[in-house]
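# Next input, structure requested:
(2 chains)
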2 protein chains.
Amino acid sequence: MEVGLLYSGGKDSTLAALLLEPVADVTLLCGTFGVTDDYEHARAAADAVGFPSERLDLAPSVATDAVEQIVMDGYPRNGIQQVHEHALERAAATDFDAIADGTRRDDRVPTVERPLAQSIEDRHSVAHLAPLAGVGRSAIDTLAEAHLDIETGPSETVSKGDYETELRALLADEYGRERVESVFPSHTQSRVTGRR
Amino acid sequence: MEVGLLYSGGKDSTLAALLLEPVADVTLLCGTFGVTDDYEHARAAADAVGFPSERLDLAPSVATDAVEQIVMDGYPRNGIQQVHEHALERAAATDFDAIADGTRRDDRVPTVERPLAQSIEDRHSVAHLAPLAGVGRSAIDTLAEAHLDIETGPSETVSKGDYETELRALLADEYGRERVESVFPSHTQSRVTGRR
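This is a model prediction of the structure:
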């Protein structure tokens, strides 16, 4: 089974790839709106853990809408969810037998509830696989620590290849750096630099 | 991470083991109420796919209660769920770092919703892993076919090492064979006989 996995270079999506590796041919899909080159961080992480990767072009209008949503809400949750659903649709429109992501049991965002997964499967004749949907945060941390080399730091300095980096850049451009700080709470990011 | 995975010898729990194999030391736990020796089918399947296995003793009173529930309901769903939750509790009380099962995204029973998983994790200081919780039935069939040798047949003739076999036997003893047919709809069972 040829699987395209939405990949940020972080520990969740990398661990998802490790779980699928024994049963599928996994290609890591590094999404980008073309706002920055940060998706290259994801591609570098893919190389470091030994998986093939591809650039996945996302629609710039979706990023613009997401930034507006985030500014209106005052928090990023809904905007990030919109972007993730768009990325799933884009991935599902490619030629893979299945698409996958690193969404976790304890995540509030992004989530892929069963009706959304089945809708994508039905419309695109593709399977959706979320190998961490039944795995909690603490177990993921333990497994990632045992199997991956990880660089961690605050989200402003550790650049991943995820949507957040580009949304932050777009938001800073349109509304200024201070607005970024007020709507994107600073949190610890992880970037994978290799396998243990 | 030492993981104890509730194991029936069927394709779901075997596939769950394959996904966890790269990141954990997996032991397959073959539950039995001591009603029949059918758990040995699960141990044979464990040997055939090359995982260590252990017998997991379940409380006979739980089987008796489940059979009463099933007869009262006229269908097996609630009884099976009770037994699965009991098996998880028993597994969680052992020395593994994590317990796991093969519950799937599209299953109606057994299910392990997030509150139940977190309750087990909190009370037993153990993680719960369900690597197929974000995988649909059709993808599981495709993956199982690609990676496992599987014998299939109606549930009356293909004996697995799962709860259903012992519950059916208990029900036949107490209420007669005909009652088994009326409350357990015949369905196709799978038993794993090796890896491809």
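# Quick check: residues of chain A near chain B?
A:1, A:15, A:18-24, A:97-98, A:103, A:105-106, A:112, A:114, A:117-118, A:121, A:127-136, A:138-139, A:142-143, A:146-147 (Cβ under 8 Å from any Cβ of the partner chain). Yep, even glycine has a C-beta here, placed from its N, CA and C like the rest.
# Where do the strands of chain A begin and end?
Here chain A has its strands, by DSSP state E, at A:2-6, A:25-32, A:53-57, A:98-100, A:127-129, A:148-154, A:188-195.
# Can you verify my assumption that A:L171 contacts A:E178?
No: counting by Cβ atoms under 8 Å, A:L171 stays clear of A:E178, with 10.4 Å between them.
# Specify which residue of those two has the higher count of neighbours.
Set A:L171 next to A:E178 and count neighbours by other Cβ atoms under 10 Å in any protein chain shown: A:L171 wins out with 23 against 9.
# ok, that one to chain B distance?
30 Å (Cβ to the nearest Cβ, to the nearest Å).
# ok, now A:N78?
Counting by Cβ to the nearest Cβ - A:N78 and chain B are separated by 21 Å.
# what's near enough to touch that residue?
Listed by Cβ atoms under 8 Å, 6 or more residues apart in numbering or on different chains, the contact set of A:N78 reads A:69-70.
# ditto for A:Q118
Contacts of A:Q118 (Cβ under 8 Å, 6+ apart): B:G136.
# Quick check: nearest residue in space to the residue positioned nearest the centre of chain A, chain neighbours excluded?
The residue lying closest to the centre of chain A (Cα atoms, centre = their mean) is A:S8, at 4.5 Å. Take A:S8 and drop its neighbours on the chain: the residue closest to it by Cβ to Cβ, 6 or more residues apart in numbering or on different chains is A:D162, 3.6 Å away.
# what stretches of chain A score poorly on pLDDT?
A:156 (pLDDT under 70).
# repeat that with 80
Applying pLDDT under 80 to chain A flags the ranges A:155-161, A:185-187.
# What residues sit buried inside the helix ranked longest in chain A?
For chain A, the helix with the greatest residue count under DSSP state H is helix A:77-92. Buried residues in helix A:77-92, defined by neighbour count with 16 or more other Cβ atoms under 10 Å in any protein chain shown: A:79-92.
# now swap in stretch A:35-53 and tell me
By 16+ other Cβ under 10 Å, the buried positions in stretch A:35-53 come out as A:35-36, A:38-39, A:41-46, A:48-49, A:51, A:53.
# Next: stretch A:1-18.
Residues of stretch A:1-18 classed as buried: A:1, A:3-18 (neighbour count, 16+ other Cβ under 10 Å).
# now do stretch A:180-191
For stretch A:180-191, using 16+ other Cβ under 10 Å, the buried residues are A:180, A:183-184, A:189-191.
# and the residues you listed, which two are the farthest apart?
Taking Cβ to Cβ, the two most distant members of those are A:V183 and A:R191; they sit 22.4 Å apart.
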